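In: Predicted model, plus sequence, below.
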Amino acid sequence: MTEPPPGSSLFCIANLFYTMKETAVLLVPLSEDDREAFIRDNQWAFKYGALLEFGEQDNHVDADGEIISRNTIERCMDHPAAETYRIVAGQKPVGGVILNINKETHRNSLEILFTLPDVHGRGIGYGAWKAIEALHPETEVWETCTPYFDKRNLHFYLNKCGFQIDRFWSRHFQPEPQGAEENGDPEEGPDEMFHFVKHMKPASSGGRSATGC
């Protein structure tokens, strides 16, 4: 893949690619004309994981038959602190990422990360995560969450990326709205999800990064 020349708007991002199994993974800012395809790809990737686990009788879908609603995706994308990227490999879009970046606290959120089912098993998701870490080296804590039933995601975040589970959201415990959820639909929210954190820098480190995954 040809890299953008130094000085171009994509140079800094393209040079944060991560190579897994001979696949170069790039993060490219989402263009407006790709927004609809991004949403559709996101919904299909999430639905695919649920179908693998539960089959056609899955009861985790919303009224439109989706695991993740358009409203949720667009709220994450349109948040003032959001950064939205396409994951690109082999010069093709193969997934996407939405980050919520807090420039004051450096406690940042991985709101959404997905890869298309036909590229699973190539290390593309992990490559994207390493590129995210390189993109925001100032981060002290990363946060994310995933449904309890998605064993593939649980393995990815815990065993591959070095996150730790610190909370379980269920009908017994609901989180306080924050980040992209602050102005969300009160009827929509986590339904039995694990919340993860990854500490990147000890408070007294003076800017020295902790060992990554």
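Out: Thanks, I have the structure now. Model, not experiment: these values are computed from the prediction.

In: which SS class is P80?
Out: Under DSSP: H, G, I helix; E, B strand; the rest coil, P80 falls in the coil class.

In: Please tell me how far L154 sits from F46.
Out: From L154 across to F46, the span is 14 Å (CB to CB, to the nearest Å). C-beta here means a position set from N, CA and C on the backbone, and glycine is covered the same way.

In: Looking at these two, which has the bigger crowd around it?
Out: F46 (23 against 17; other CB atoms under 10 Å).

In: Of all the residues in the one helix or strand that one maps to, which ones are buried?
Out: Using DSSP states H and E, F46 maps to helix 35-54. For helix 35-54, burial by neighbour count (16 or more other CB atoms under 10 Å) applies to F38, I39, D41, N42, Q43, A45, F46, K47, Y48, G49, A50.

In: Could I get the contacting residues of the first one?
Out: If I follow you right, that is F38. L30, I73, T84, R86, G96 (CB atoms under 8 Å, 6 or more residues apart in numbering).

In: Which members of those occur in strands, if any?
Out: If you go by DSSP state E, the contacts of F38 have T84, R86, G96 in strands.

In: Make TSV from those residues and add distance to T115 to it.
Out: Below are the ones in strands among the contacts of F38 laid out as TSV (distance: CB to CB, whole Å):
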residue	distance to T115
T84	15
R86	11
G96	8
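
In: which regions of this protein lie under the pLDDT threshold?
Out: 1-23, 52-65, 169-191, 202-213 (pLDDT under 70).

In: mind listing the helices in it by residue range?
Out: Assigned by DSSP state H, the chain shows helices spanning 11-14, 35-54, 70-78, 124-135, 151-155.

In: quick one, which of those helices is nearest to E111?
Out: helix 70-78 (4.3 Å; CB to CB).

In: ok, of the contacts of F38, which one's closest to K201?
Out: T84 (24.9 Å).

In: dump the residue contacts of the closest one.
Out: Residues near T84 by CB under 8 Å, 6+ apart: P29, L30, F38, M77, G96, V97, I98, L99.

In: ok, which pair from the residues you listed is furthest apart?
Out: Taking CB to CB, no two of the contacts of T84 sit farther apart than F38 and L99, at 13.9 Å.

In: Tally up the residues packed near the closest residue to I87 other than its chain neighbours, please.
Out: Ranked by CB to CB, 6 or more residues apart in numbering and with sequence neighbours excluded, the top spatial neighbour of I87 is G95, at 3.7 Å. Residues lying near G95 (other CB under 10 Å) number 25.

In: Give the burial count for the nearest residue to Y148 once chain neighbours are set aside, as a bare number.
Out: Of all residues not flanking Y148 in the chain, E192 sits nearest, at 4.6 Å (CB to CB, 6+ apart). If you count neighbours by other CB under 10 Å, E192 ends up with 13.

In: separation between E192 and T84?
Out: For E192, the distance to T84 - CB to CB - is 26 Å.

In: Check W44 too.
Out: In terms of CB to CB, W44 sits 17 Å off from T84.

In: now K160
Out: Where T84 is concerned, K160 sits at a distance of 23 Å (CB to CB).
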